[in-house]
Structure formats: structure tokens, C-alpha cells
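Student: Turn this into a structure:
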Amino acid sequence: MVKLTGAQSLVRQLLKENVTTIFGLPGFQIMEVFDALYEVRNNIKLIHTRHEQATSFMADGYAKVTGEPGVALVVPGPGALNASAGIGTAYASSSPVLLISGQIPSSSLGLKKGETHEIDDQLDSFKSITKWNHRVKKVAEIPGSVNEAIRQLKSGRPRPVELEVPFDLFKDSSEVELIEPVLPSPCRAHSSDIRRAADILINSTSPAIIAGGGAIIANAATELANLAEFIQAPVITTQNGKGIIPETHHLSVGVNYYTLGPSKLVGPKCDVVLAVGTRLLSDLHISDSAKIIHIDIDTSEIGRNYPIQTKIGIVADAKNALGQLLQQMKGMSQPKSLRFEEINQYRTQFSKEIRLCAPDQMEIIDTLRSELNDDAILISGITNIGYWSHLGYPVRHPRSYITSSYFATLGFSFPTALGAKVAHPDRQVVAISGDGGFMYSFQELSTAVKYGINVIILLFNNNSYGASEWDQTHKYDERYIGTDLHNPNFVKLANSFGVKAIKTDSDNFKSGLRKALEVDAPVLLEVTIPTMMPPFQIV
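Tutor: Below you'll find the predicted structure:
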């Protein structure tokens, strides 16, 4: 037991939990925490942003590329609500983000006195976008609450959590006990489920695998590839699952996104689908006669979209379950015969379809892939080239392609890229952004320069909210309203923050990208493009 202020106990417990980086923005209800962080500045790096939304997006980017908790620190009320966009994004993509929010004084809670930054019940504001949230009531509870928050992030499905501490508790002192963290054990599958699943797969003639972000979260890349090779199954991924198997692998057939994807080629012909760490969306063209084996850490996802066809639901850590399943099958059967020609045909046909649909976009994406390192991290924003990158950009490593999942958060890519680069300063990190989305967070150019976070921002500029403008052109008889943009001079804007900026067009994209890659500093590459068809407009 040691006597510490609430702020000190919070920071010391975070140290115990191996937190080394916090993304925050100061304000008076959390200044005691900032002071406590000063005491441990050699052990925990504080990166302060210019808007609270960037704290949670940066924490999310950090978490997604490392698998470790990303931590954001904000004031209550407007600070917490500003951060909620990033927390919602982390929730949609099952990312381990801890939001630490200040709170008004304990004595004023619930009285509706109009304290600065007061929300009547802030906890309720976050319940729908967090796995767990909690308000501390005593200083002595702070270490245990931090420990529980981290436990929640590292066990089961790792969705974000929120921890609130009233202002007075940060200042008050008490005898506290710091807690040694205990790493939760991964959940193993029941042996009976594994035997049944193995029997179905061994007796299948044309199995297929659909892998989502949960497989990446479980670090199951090796296990999934080994199993796919044993049963000779084509592997389809979701946008969140990109990279779980290299998209150059002979069994990888591509990504499903809206109505596009290889599932309409593979789905009608497969007799068994092994779904791993995915919500298994209902537009996958799976044959009505196909049996589904669904592996997921979240019980609620099993059979949600295909209740009749889901024959076996395995609630377990994907890495463990796939390892158990392969071991069981090796004891029962020899590897299946190669399906190289059939699977290669799926790959070729899907690639041809994408190139026919989006030749201009694919030319840019091909250039991007050829110029970036194998392990480059790409943050795919809510913009045309970002959408088509889900389908056309080949990813070779897990945790190197980041999206906002079904939340589709406009403006997330640049600050998320900053967090990813903080986690991996030696790797190329590229943010794909549109002109609309970039203006949500351009102020974080200041953060990039201040901390030397050398990301590359690919800013695709069509002077509009492009997808919405496309809708108005093709669905609303060219009745344009509210989709055109008046943009700044992006080169001068970037330069005013001390950021190197280059302007080019799609015809000269390769030379512009090469120049950007040579810059050892934050750099913005503006690429002028026309408004182009998004993939979700294809029926």
C-alpha cells in the first residue's frame, strides 16, 4: 500500500499495465493527470492533439497495428463527446481502446447545476459504443478500475472501454494498492465441436473459408494459412480481414465488399463454409445447401445472419480453434487434393471484374502497391480510392491495412495514421483521404510536425463529397445541392504548418508518390481526380 493522489494512482497503474503512450488534450478536470504524467515522462509518452477526436482516432490506429491497448485522455462533456467518433469506430472494428475521461466533482454529480463540461449522465452516452464503462467513486478504487479496464480490452472481443474519474478524486490522496496485471488465457474450443467440424470439413468436396477482422485480432494468420492449405479451400476476407493471408497466396481469392467480391463466384459452388472471426454478412452468395462452421469469440455473432445453415458454432479464440481443428484433421485424414486451377480461375476472374469496373482507380492502386514496401501500413479512408483499395490493393501482412469497418467514419484516416506511425515509426504509413474527410482533422498537421510523425497523406481532391455527388448525378437527375466543396489551397495550408506538400494529378501520380516517399518528414501529396463511381453503387 502506498499513499498517492488519484491522478498518480491512475498513471502508476497504467505503467503496471505496460502502457507506454497516451494521446490526450488538456483541460482543467484532468490537469492533475497531466502533472502526474510529467513525473513519469521518461516511461509514458504523452502526445497532445489539436482536437479530441484525434485522441481516440490516434489511440485506435495505435491499437489496430499493435494489438495492444491504445489510450486516450480527455475532459468530460464536449471533450468526451468529441472523442466519441473514434470510440464508435473502435467499437465497430473491435479495437482495444481505453478512453479516460475526466468528470465534474463528485459532489455535483446528478444535481444538474451547470458545472463546466457537465453532462447529466455521461456514462449512458457511451454505453452503446463501449464493451464496458465505469465511473470511479473513491481514490482507492482507481488501480482496480484501470486493471479491470485493461482486462476487458485483452479478453474476449476487444471492443473499447471508457473510464471516468471525477475531478476531485484526481486531487485527493489515499492509501492505494497497485495491482499486478494478469494476462487472460485465450478461450479454447470444446473438443466435441472440433471433432464435428473436422468431420464435416474432411467429408466436404469444395470447402471455402471466409475470414474477418477477428482472425487478425487473434493473430491466427499462420493457423489459417495452414488449415486452408490442408483442406485446399479458397480464402475470402472481409475488409477488416485483409492481410490475414497474403493476397498473393495461391489460395487467396480476394475481398468481399458490398455487392462486389469473389463470394459470388465461390459461394454457389461450395458445400462447406468455414467462417472465422467475421459477422458473416448476408450478401455472400452462399449456396442454400452449404453447411456453415462459424468460429468467433463473440457468442452473439454465431448464426446471426445464417441461423439455419450454421451447423456448428465454435465460441473460441480463432488462433486456438484453428490450431485444434488442423491437429484433429491431421489425425483423421490426409491433405485434400490441390485445387490450383479452379482457385486460380476465381482469382483471375475477380481481378478482371474489378479492373473492368474501375480501371482508373486500379491504375492508381496498382502504382501505390508497386511503390510501397511490403510491410507498409495503409489507412484506407472514406473516399473513392479508399473504397476500391478494399477490393484491389493486395495486402501481404496482418495489421497493415486499416479501415473504419461498418462505421465508415469520414475524416478518420489521417489521425488514425498518426497513431499507427507512433506505434511503428520505422514503417511507411500512408493515409488515403478525400478532400472532404481531410478537412475534419487537418489541424493535426500541427501534431505531426510537433512530434515528428512522418506519415504520408494521399489527399485525393475532386472538390466534392464524391460519393454523394455521384448519387445526385445518377439517382437524383443531377439535382445538385450540398455536395460541392470550397477548398483551401492544400499545398499552402500544409506549408503553413511546416509540412512538405506536393500537387499532382492521376496521370503523374507515380512520380509524385516517389517524391513523397523520399521525404523524411510529414508530407502531403495532393492528387486531383474527377468524381468517380464508388463500388457500392454497382448492383
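Student: Return the residues in contact with the closest residue in space to residue 451 that isn't next to it in sequence.
Tutor: In this structure, residue 451 finds its nearest non-sequential neighbour in residue 47, 5.7 Å apart by Cβ to Cβ, 6 or more residues apart in numbering. Backbone N, C-alpha and C define where each C-beta goes, glycine included. Contacts here follow Cβ atoms under 8 Å, 6 or more residues apart in numbering; on that basis residue 47 touches 21-24, 58, 422, 447, 451.
Student: give me the beta-bridge partners of residue 47?
Tutor: With DSSP bridges applied, the residues forming beta bridges to residue 47 are residue 23.
Student: From residue 63, how far off is it?
Tutor: According to Cβ to Cβ, to the nearest Å, residue 47 and residue 63 sit 14 Å apart.
Student: Following element in sequence after the helix or strand harbouring residue 253, please.
Tutor: Secondary-structure assignment from DSSP states H and E places residue 253 in strand 252-255. Once strand 252-255 ends, the next helix or strand along the chain (criterion: DSSP H and E) is helix 263-266.
Student: Could you list the residues in contact with that next one?
Tutor: Residues outside helix 263-266 that contact it (Cβ under 8 Å, 6+ apart): 208, 210, 234, 236, 253, 256, 284-286, 346, 349-350.
Student: so where is this structure shaky, pLDDT-wise?
Tutor: Regions of the chain meeting the criterion pLDDT under 70 cover residues 539.
Student: how is it carved up into domains?
Tutor: Following the assignment in automatic domain parsing, the chain carries domains at 2-176, 191-347, 358-537.
Student: Would you format those domains as a markdown table with distance to residue 182 included?
Tutor: Below are those laid out as a markdown table (distance: least, Cβ to Cβ, whole Å):
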| stretch | distance to residue 182 |
| --- | --- |
| domain 2-176 | 8 |
| domain 191-347 | 17 |
| domain 358-537 | 24 |
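Student: and residue 62, what is it in contact with?
Tutor: Under the criterion of Cβ under 8 Å, 6+ apart, the contact list for residue 62 reads 21, 23, 68, 70, 419-420, 422-423.
Student: rerun at 6 Å
Tutor: When contacts are counted by Cβ atoms under 6 Å, 6 or more residues apart in numbering, residue 62 is found next to 70, 419, 422-423.
Student: Where does it sit, in terms of helix or strand?
Tutor: Assessed by DSSP H and E, residue 62 sits inside helix 52-66.
Student: and residue 261, how far is that from residue 446?
Tutor: Here the distance between residue 261 and residue 446 works out to 39 Å (Cβ to Cβ).
Student: One more: residue 371?
Tutor: Residue 371 sits 28 Å away from residue 446, taking Cβ to Cβ as the criterion.
Student: Also residue 264?
Tutor: 46 Å.
Student: What of residue 158?
Tutor: For residue 158, the distance to residue 446 (Cβ to Cβ) stands at 30 Å.
Student: the more surrounded of those two?
Tutor: Remark: of residue 158 and residue 446, residue 158 carries more neighbours, 22 against 15, as counted by other Cβ atoms under 10 Å.
Student: Can you give me the buried ones in the helix holding residue 62?
Tutor: Neighbour-count burial for helix 52-66 flags 52-66 (criterion: 16 or more other Cβ atoms under 10 Å).
Student: now do stretch 364-381
Tutor: Buried positions in stretch 364-381, judged by neighbour count with 16+ other Cβ under 10 Å: 364-365, 367-369, 371-372, 376-381.
Student: between those, which is closest to residue 134?
Tutor: Checking these against residue 134 with Cβ to Cβ, the nearest one is residue 379 at 30.5 Å.
Student: Might one say that the closest one is in contact with residue 402?
Tutor: Yes: Residue 379 is in contact with residue 402 according to Cβ atoms under 6 Å; the separation is 4.8 Å.
Student: returning to what we had before: got the contacts of helix 263-266 as CSV, with secondary structure columns?
Tutor: As requested, the contacts of helix 263-266 are exported to CSV (DSSP: H, G, I helix; E, B strand; the rest coil):
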residue, secondary structure
208, strand
210, strand
234, coil
236, strand
253, strand
256, coil
284, coil
285, coil
286, coil
346, helix
349, helix
350, helix
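Student: which among these end up buried?
Tutor: Buried positions within the contacts of helix 263-266, assessed by neighbour count (16+ other Cβ under 10 Å), are 208, 210, 234, 236, 253, 256, 284-286, 346, 350.
Student: Quick check: the farthest pair among those residues?
Tutor: Going by Cβ to Cβ, the two entries of the buried ones among the contacts of helix 263-266 that are most distant from one another are 286 and 350, at 16.4 Å.
Student: So residue 76, which state does it fall into?
Tutor: Counting by three-state DSSP, the backbone at residue 76 sits in coil.
Student: any idea how far it lies from residue 122?
Tutor: Plainly put, residue 76 is 6 Å away from residue 122 if you go by Cβ to Cβ.
Student: Then residue 416?
Tutor: In this view, residue 416 and residue 122 are 24 Å apart by Cβ to Cβ.
Student: ok, these two, which is more surrounded?
Tutor: Remark: of residue 416 and residue 122, residue 416 carries more neighbours, 37 against 22, as counted by other Cβ under 10 Å.
Student: you'd agree that one is up against residue 59?
Tutor: No: contact status for residue 416 versus residue 59: not in contact, 9.3 Å apart, counting by Cβ under 6 Å.
Student: Find the residue closest to residue 204 in space, skipping its chain neighbours.
Tutor: Ranked by Cβ to Cβ, 6+ apart and with sequence neighbours excluded, the top spatial neighbour of residue 204 is residue 272, at 4.0 Å.
Student: ok, the one you found touching residue 207?
Tutor: Yes: the pair residue 272 and residue 207 passes the contact test of Cβ under 6 Å, sitting 4.4 Å apart.
Student: list the residues that contact both of those two?
Tutor: A shared contact of residue 272 and residue 207, defined by Cβ under 6 Å, 6+ apart, is any residue touching both; here there are none.
Student: element containing residue 246?
Tutor: Taking DSSP H and E as the criterion, no element holds residue 246; it sits outside all helices and strands.
Student: To clarify, my last question referred to residue 312.
Tutor: In this assignment (DSSP H and E), residue 312 forms part of strand 310-315.
Student: Please list the residues outside that strand that contact it.
Tutor: The contact list for strand 310-315, computed with Cβ under 6 Å, 6+ apart, reads 189, 193, 196-197, 291-295, 299, 302-303, 321.
Student: likewise stretch 196-205?
Tutor: Contact partners of stretch 196-205, identified using Cβ under 6 Å, 6+ apart, comprise 207, 231, 271-272, 291, 293, 312, 325, 328-329, 332-333.
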